[in-house]
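Chemist: just to be clear, the model below is a prediction. Sequence and coordinates:
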Amino acid sequence: MTKPIYKKTDPVSVIHASPKPPKVIAIGGCGRGGTTVLRHIVAALGPPMREGVAWFKPNGERVPVFANNLPLIREILKRSAASLELWGWKDIFLIDYLEHVIGIFPSIHLIFAFRDPFATAARAVAEAPDAAILQSTRNVLVHDLRILDFVESHPQIPTAFVSYEKLCQYPNKAVEQIAEFLHLEPTAAAVDRIQCGKGYILGPLNAEAFSQRES
């Protein structure tokens, strides 16, 4: 396999590529680290994308992040995998349970967002004044190291890393590279979803496709 050549202007680094398109797409990364804009980009490329699919019961109640909820998480994901042709979800807690559910999916592509860890930590501290910036930065770095450990130990899973800063600087190229990784066609709508520095992006997503397909 030819080793990919990375350029300084590349927002996306494909760590493990695949010649086959995905059936499932999972997006992970730290909270306030760029996962939301990635979800919107992928949704604008076509696949319905859920927000934290593993942490919601069918009636909409949030499921706490504890290991004893793994059976419920697996049940939710199995039901979605069986009813949808191409779909995905974004979850900032993805790395906490990914090892336990990865076997459910025959063809999954992973996308992880990476952002300047201090900037990520600073946003978390701004929203929780009692948090300490040093500890918050440490938490971000530990979280990112867990992602690296998982990816290194699963070379068979197609995986891409996305730089939040470069995505903001080169939005068109980011969309093109994400689309190429997912074997999808880039769209202008996906570029329009990139609104860096404006917090959560408001606007319709095609997540309503879930209720239509699962009913």
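Modeler: Arrived safely, thanks for sending.

Chemist: OK, contacts around the residue positioned nearest the centre of the chain?
Modeler: The chain has Ile27 as the residue nearest its centroid, 1.3 Å off, counting by Cα atoms, centre = their mean. Going by Cβ atoms under 8 Å, 6 or more residues apart in numbering, Ile27 touches 35, 38-39, 42, 49, 88-91, 94, 110-113. C-beta here means a position set from N, CA and C on the backbone, and glycine is covered the same way.

Chemist: now, which of these lie within strands?
Modeler: The members of the contacts of Ile27 that map onto strands under DSSP state E are 49, 88-90, 110-113.

Chemist: okay if I get those residues as TSV plus distance to Leu184, neighbour count and pLDDT?
Modeler: Below are those laid out as TSV (distance: Cβ to Cβ, whole Å; neighbours: other Cβ atoms under 10 Å; pLDDT from 0 to 100):
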residue	distance to Leu184	neighbour count	pLDDT
Met49	12	26	88
Gly88	11	24	91
Trp89	16	25	90
Lys90	16	25	91
Leu110	15	25	98
Ile111	12	25	98
Phe112	18	26	98
Ala113	18	25	96
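
Chemist: now, which of the residues you listed sits nearest Ile178?
Modeler: Ile178 lies nearest to Ile111 out of the ones in strands among the contacts of Ile27, by Cβ to Cβ, at 7.2 Å.

Chemist: so which elements touch the longest helix along the chain?
Modeler: Longest helix in the chain, counting residues (DSSP state H): helix 133-153. The contact analysis (3 or more Cβ pairs under 8 Å, 6 or more residues apart in numbering; DSSP states H and E) places helix 133-153 against helix 94-101, strand 108-114, helix 117-127.

Chemist: where does pLDDT dip in the chain?
Modeler: For the chain, applying pLDDT under 70 flags the ranges 1-6, 53-68, 83-84, 127-131, 196-215.

Chemist: let's see 50
Modeler: 1, 199-215 (pLDDT under 50).

Chemist: which residues of it fall in helices?
Modeler: 35-44, 70-83, 94-101, 117-127, 133-153, 164-169, 171-182, 188-192, 209-214.

Chemist: distance from the fifth one to the middle of the chain?
Modeler: A distance of 15 Å separates the C-alpha centroid of helix 133-153 from that of its chain, computed with Cα atoms, centre = their mean, to the nearest Å.

Chemist: let's see that helix as PDB, backbone CA atoms only.
Modeler: Provided in PDB are the C-alpha atoms of helix 133-153 (Å, rounded to 0.1, in the frame of the first residue of the first chain):
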ATOM      1  CA  ILE A 133      -7.700  24.700  33.400                       C
ATOM      2  CA  LEU A 134      -4.700  22.400  34.100                       C
ATOM      3  CA  GLN A 135      -6.900  19.400  34.900                       C
ATOM      4  CA  SER A 136      -9.200  20.100  32.000                       C
ATOM      5  CA  THR A 137      -6.200  20.200  29.600                       C
ATOM      6  CA  ARG A 138      -5.000  16.900  31.100                       C
ATOM      7  CA  ASN A 139      -8.400  15.400  30.600                       C
ATOM      8  CA  VAL A 140      -8.400  16.300  26.900                       C
ATOM      9  CA  LEU A 141      -4.900  14.900  26.400                       C
ATOM     10  CA  VAL A 142      -5.800  11.600  28.200                       C
ATOM     11  CA  HIS A 143      -8.900  11.300  26.100                       C
ATOM     12  CA  ASP A 144      -6.900  11.900  22.900                       C
ATOM     13  CA  LEU A 145      -4.400   9.300  23.900                       C
ATOM     14  CA  ARG A 146      -7.200   6.700  24.400                       C
ATOM     15  CA  ILE A 147      -8.300   7.400  20.800                       C
ATOM     16  CA  LEU A 148      -4.700   6.900  19.600                       C
ATOM     17  CA  ASP A 149      -4.400   3.600  21.500                       C
ATOM     18  CA  PHE A 150      -7.700   2.300  20.000                       C
ATOM     19  CA  VAL A 151      -6.800   3.300  16.500                       C
ATOM     20  CA  GLU A 152      -3.300   1.800  16.700                       C
ATOM     21  CA  SER A 153      -4.700  -1.500  17.900                       C
END
